[in-house]
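**Q** Sequence first, predicted coordinates after that:
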Amino acid sequence: MKNKILMFLLLLPYIKPEYISTQFQTIDRILDLAWAISLCIIICLYIREIVKKNKISKIMLAMLSYEGILILSTFINKGDLHSLISEVVTTLGICIAIEYFIMISPKETIDSILFILKIWIYINFITVLLFPKGMYVTELQSDNFFLGYDNTHIKYILPAICLALISSYYKSDKVDIRTIFLITISVLTVFIRKSATSMIGLSIILLYLLIPALKNSKVFNFRNFFITYIVMFILIVIFRVQDNFSYLVETVLHKSLTFTGRTEIWDAFIKLIKEKIILGYGVLSGTQKSNLTGIFYGVATHDKILDVMFSGGAILLINYFVINILIGKKLMKNKESEFSKILSITWFAFFIMMITETLNHNLITMLIILSYHVDDIIKEYNLKKNGETNAKN
């Protein structure tokens, strides 16, 4: 119980709702201070642990390399140092925090994060019901709620469902009533707001839960999901195969072939990437990106791979692939485990959404570390099961 309270307090500043960040500067500064204190404590504890074990994990080295490339590219290109510091410190902070807490207990780590996310998601659902036109307006969007712009709620929802499923199977080898309630609230939130990208991502998780044959299929694994993601990126973002289905997309589905202006943004960023293919442009502010693309709303690439290449070029893209290979090896090694299947399908949902959205968030970084340490989740689960069996005997 003491561990859970400590984890809750130290992780809370990393999972701030957008409403607090944008609308309450005083509270936001207090949380930033709490985050700084939390970071210092966690770094000290983590260093003590790795000195004791005399090794650092491969995934941590890969994440350090990723952020190091961003630092180099940003300095070379004279990018936005404030955004860079925020990116590097928060990303490495959450990596260190999750990896350290997993050393203590994977289950307690998962439950601590899940507790925070449940509170935020339930509050957010209430705001969606009470303010159908949005709670507040920002420079670019008006459909903002407790967790921010409605199209980004999925960054909280998918990790929460993933953690809830893992926790549920850990306890009882089935989906419990609390998890069903969380999923129900999440589905209502997404479908009330009618976010197309979020509905696709959530539908993938629902198919996994409702059709057992899918999870038992031999093709159901992280490797195939990642390959599918790369192929879809090439076909949709680069070759634009959707243009061949214009009648179906525009007449039958009543959707734009431009993915709500995204193809224009992709073209602009692809052109820029070609000019600095090796090391990219570094971390830039939304205004800087908009100025470079010449598009007012071109403040983001709206695609993860384009975002990686724009920020750090081919070098960062290789690092991005290395990170996915590292977590892929762990998930493939344990592909028969329910925990690996849950993490893999969550990644697949994110991969599909990342074709039209960037989706950078601390919670996605958290999933990287958690996926790499799926061995530890399974080990703790098996110890619990063996303990229960011995107790019965």
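**A** Alright, I've got the coordinates.

**Q** Now do the same for the closest residue to Y19 other than its chain neighbours: its pLDDT.
**A** In this structure, Y19 finds its nearest non-sequential neighbour in F146, 4.7 Å apart by Cβ to Cβ, 6 or more residues apart in numbering. (Glycine included, C-beta is placed from N, CA and C.) On the pLDDT scale, F146 is placed at 93.

**Q** Distance of F146 relative to M135?
**A** As defined by Cβ to Cβ, to the nearest Å, F146 lies at a distance of 7 Å from M135.

**Q** neighbour-wise, which of the two wins?
**A** Applying other Cβ atoms under 10 Å to F146 and M135 shows that F146 carries more neighbours, namely 22 against 17.

**Q** dump the residue contacts of I278.
**A** 313-315 (Cβ atoms under 8 Å, 6 or more residues apart in numbering).

**Q** okay, the residues you listed in a markdown table with neighbour count next?
**A** Shown next, in a markdown table, are those (neighbours: other Cβ atoms under 10 Å):
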| residue | neighbour count |
| --- | --- |
| G313 | 20 |
| A314 | 15 |
| I315 | 17 |
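
**Q** Show me where the stretch 251-393 of the chain has its helices.
**A** 262-275, 286-293, 304-333, 338-353, 362-372, 374-392 (DSSP state H, counting those that start in this stretch).

**Q** can you give me the helices in the stretch 1-150 of the chain?
**A** Here the stretch 1-150 of the chain has its helices, by DSSP H, counting those that start in this stretch, at 2-11, 18-23, 25-53, 58-76, 81-104, 106-130.

**Q** Using JSON lines, lay out those helices together with mean neighbour count.
**A** Output for those, formatted as JSON lines (neighbours: other Cβ under 10 Å):
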{"stretch": "helix 2-11", "mean neighbour count": "16"}
{"stretch": "helix 18-23", "mean neighbour count": "16"}
{"stretch": "helix 25-53", "mean neighbour count": "14"}
{"stretch": "helix 58-76", "mean neighbour count": "18"}
{"stretch": "helix 81-104", "mean neighbour count": "19"}
{"stretch": "helix 106-130", "mean neighbour count": "19"}
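
**Q** from the contacts of I278, which single one is nearest S172?
**A** Distance to S172, by Cβ to Cβ, is smallest for I315 among the contacts of I278, at 45.6 Å.

**Q** From L81, how far off is the closest one?
**A** 20 Å.

**Q** And L114, by the same measure?
**A** For L114 relative to L81 (Cβ to Cβ), the value is 34 Å.

**Q** Neighbours of the closest residue to H82 other than its chain neighbours, how many?
**A** Setting aside the residues directly before and after it, H82 is nearest to S285 in space (Cβ to Cβ, 6+ apart), at 7.9 Å. For S285, the neighbour count with other Cβ under 10 Å is 13.

**Q** Y170 too?
**A** By the criterion of other Cβ under 10 Å, Y170 has 20 neighbours.

**Q** so Y281 makes contact with M309?
**A** No. Using Cβ atoms under 8 Å, Y281 is not in contact with M309, being 9.7 Å away.

**Q** which residues sit in contact with N360?
**A** N360 sits next to D307 when contact means Cβ under 8 Å, 6+ apart.

**Q** in the stretch 51-200 of the chain, what spans have low per-residue confidence?
**A** The model of the stretch 51-200 of the chain has pLDDT under 70 over residues 140.

**Q** Mind doing that once more with 80?
**A** Within the stretch 51-200 of the chain, the segments meeting pLDDT under 80 span 138-141.

**Q** returning to what we had before: am I right that the residue nearest to H82 is in contact with S83?
**A** Yes. S285 is within contact range of S83, at 5.6 Å (criterion: Cβ under 8 Å).

**Q** what's the neighbour count on S195?
**A** 22.

**Q** Ramachandran angles for it?
**A** In terms of degrees, to the nearest 10, the main-chain angles of S195 are phi -80, psi 110.

**Q** quick one: it and H153 touch, right?
**A** Yes. Taking contacts as Cβ under 8 Å, S195 lies within contact range of H153: 7.3 Å.

**Q** From Y229, how far off is the residue nearest to H82?
**A** Distance, S285 to Y229, using Cβ to Cβ: 28 Å.

**Q** repeat for P159
**A** 18 Å.

**Q** okay, the two: which has more neighbours?
**A** P159 (23 against 20).

**Q** Looks to me like that one is in a helix.
**A** Yes. Using DSSP: H, G, I helix; E, B strand; the rest coil, the assignment for P159 is a helix.

**Q** May I have the residues that are in contact with it?
**A** For P159, counting by Cβ under 8 Å, 6+ apart, the contacting residues are 113, 117, 346, 363-364, 366-367.

**Q** and what of M366?
**A** 94, 98, 113, 159.

**Q** Next: R223.
**A** 328, 332.

**Q** Check which helix or strand it maps to.
**A** Using DSSP states H and E, the secondary-structure element containing R223 is helix 222-232.

**Q** Just the angle for that helix relative to helix 362-372, thanks.
**A** Here the directions of helix 222-232 and helix 362-372 differ by 140 degrees (axes from the mean of the first three to the mean of the last three Cα atoms, to 10 degrees).

**Q** quick one: average pLDDT of helix 222-232?
**A** For helix 222-232, mean pLDDT is 96.

**Q** Output it as PDB, restricted to C-alpha atoms.
**A** The C-alpha trace of helix 222-232 is given here as PDB (Å, rounded to 0.1, in the frame of the first residue of the first chain):
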ATOM      1  CA  PHE A 222       3.400  -7.300 -32.600                       C
ATOM      2  CA  ARG A 223       5.700  -8.100 -35.500                       C
ATOM      3  CA  ASN A 224       2.800  -8.400 -38.000                       C
ATOM      4  CA  PHE A 225       1.100  -5.300 -36.500                       C
ATOM      5  CA  PHE A 226       4.300  -3.300 -37.000                       C
ATOM      6  CA  ILE A 227       4.800  -4.500 -40.500                       C
ATOM      7  CA  THR A 228       1.200  -3.700 -41.300                       C
ATOM      8  CA  TYR A 229       1.700  -0.200 -39.900                       C
ATOM      9  CA  ILE A 230       4.800   0.400 -42.100                       C
ATOM     10  CA  VAL A 231       3.000  -0.900 -45.200                       C
ATOM     11  CA  MET A 232       0.000   1.300 -44.600                       C
END
